[in-house]
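A.B. asks: can you look at this prediction? I've put the sequence above it.
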Amino acid sequence: MKLNISDSKKRIIKRFYNIALILIGLILVIFNDTFGKLEGFVEFIALYFILVFITIAHWLFKQIKALIRLKNEKAKTELMHLKSQVNPHFFFNMLNNLYGLVDKDSKKAQQLILKLSDMMRYSIYDGEKDKVLLSEEITYLENYIELHKMRYHKAIDIQFNIDTNPTDYEIMPLLFIILLENAFKHGVENLRENAYVHVNLVAHNNEVTFAIENNFEEVQDHPETGIGLKNLKRRLELVYPKNHTLTISKTETTYNATLNIKGL
C-alpha cells in the first residue's frame, strides 16, 4: 500500500534530516577534540560533508525545478486565457453582422450561420490545442474569407496566395486570423469601392511567413493597439519568444503586416 505524505510533513522530515546531519557532525567534532583522533575519523568526516553537499544540491535542484514548473504553468494559464479571448473577439463581430442580414436575406443568413458554425467548431476544439497542422489553419482562413465574400454586396479584390512545401508544419492555432480580421474590419468594412485584401503565405525551410496588405479610407484610423493585436503579440512572446518577427507599417491609405515564424 502506498502511503500519502502531505507536503508539510515532507518538509518537516527533510528539515529534521538536515538538522540531524549537522548535529552528528558537531558531536563528532567535539568527540574528536576531547578524545583524540580516531581511526578512520577523517574519512568519516569527508563522507559526512559529501552527504551534506548531496543533500543541499538535491534541495536546490528541487527548488529550481519547482520554480521552472511554476513559471511554465503560469505561462500556460496566460496562454489559455489569451486563446479564449480570440473566439469572442471574432464571433462577436460576425454575429452583429448576421443580425442585420437575417431580415434582408434570410437564405444567405442561413448559409452564413452554417459556415460560421464550422469555424466555431474549429476554434473551440482545435483552437484549444497547443499546435495544429498549418494546412488546417489555412483551411480556417479560407473559410473566413468565403464567409466575408458571402455577406458583402460590393466588389472586393481578395487574393490569397499560398506557397508551401509538402511538409505540413505544426503551428500554434489562431495566429493569422487576427491580422486577417483586422484587414476586413478596418479596411473592407469601411470602403464603398475599390477595397482589397491581399494575403501571401509562404512555408519553406521550417519557417512560415504570413504577409497581408489592405487599403482603408484616409480618414479611417487603423489602430495598432487593439485587443486582437495585443493578444497576438503576447502569444507570440510566450510560444515563439526568439523565433518570430512581426512588422507593421502603413501609409495614408494602405496597411501592411508581416508575421514570420522560424524553427517549426
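C.D. replies: Perfect, thanks for sending it. This is a predicted model, so every value here is computed, not measured.
A.B. asks: which parts of the chain are strands?
C.D. replies: 132-133, 156-164, 170-171, 195-204, 207-215, 244-250, 254-262 (DSSP state E).
A.B. asks: next, the angle from the second one to strand 195-204.
C.D. replies: Meaning strand 156-164. Put simply, strand 156-164 runs at 0 degrees to strand 195-204, going by axes from the mean of the first three to the mean of the last three Cα atoms, to 10 degrees.
A.B. asks: the inter-axis angle of strand 156-164 versus strand 207-215?
C.D. replies: 170 degrees.
A.B. asks: check the strands of the chain for me and report the most buried one.
C.D. replies: strand 207-215 (a mean of 20; mean count of other Cβ atoms under 10 Å). C-beta: built from backbone N, CA, C; applies to glycine.
A.B. asks: quick check: mean pLDDT of that strand?
C.D. replies: Averaging pLDDT along strand 207-215 yields 96.
A.B. asks: go ahead and confirm residue 211 touches residue 256.
C.D. replies: Yes - if you go by Cβ atoms under 8 Å, residue 211 and residue 256 touch, sitting 7.4 Å apart.
A.B. asks: give me the low-pLDDT residue ranges for the stretch 1-150 of the chain?
C.D. replies: 1-49, 52, 60, 63, 65-94, 97 (pLDDT under 70).
A.B. asks: buried set for stretch 162-182?
C.D. replies: 169, 171-182 (16 or more other Cβ atoms under 10 Å).
A.B. asks: can I get it as CSV, trimmed to CA atoms?
C.D. replies: Provided in CSV are the C-alpha atoms of stretch 162-182 (Å, rounded to 0.1, in the frame of the first residue of the first chain):
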residue,chain,number,x,y,z
ILE,A,162,-0.2,30.0,-50.8
ASP,A,163,3.2,28.6,-51.3
THR,A,164,4.0,25.6,-49.1
ASN,A,165,6.3,22.6,-49.4
PRO,A,166,5.0,19.0,-48.9
THR,A,167,5.9,19.1,-45.3
ASP,A,168,2.9,20.1,-43.2
TYR,A,169,4.3,22.1,-40.3
GLU,A,170,2.7,22.3,-36.9
ILE,A,171,1.9,25.8,-35.6
MET,A,172,0.0,27.5,-32.8
PRO,A,173,-3.6,27.9,-33.8
LEU,A,174,-5.5,31.1,-34.4
LEU,A,175,-2.4,33.3,-35.1
PHE,A,176,-3.1,34.6,-38.6
ILE,A,177,-6.8,35.2,-38.1
ILE,A,178,-6.3,38.3,-36.1
LEU,A,179,-4.3,40.0,-38.9
LEU,A,180,-6.9,38.9,-41.5
GLU,A,181,-9.8,40.0,-39.4
ASN,A,182,-8.2,43.5,-38.9
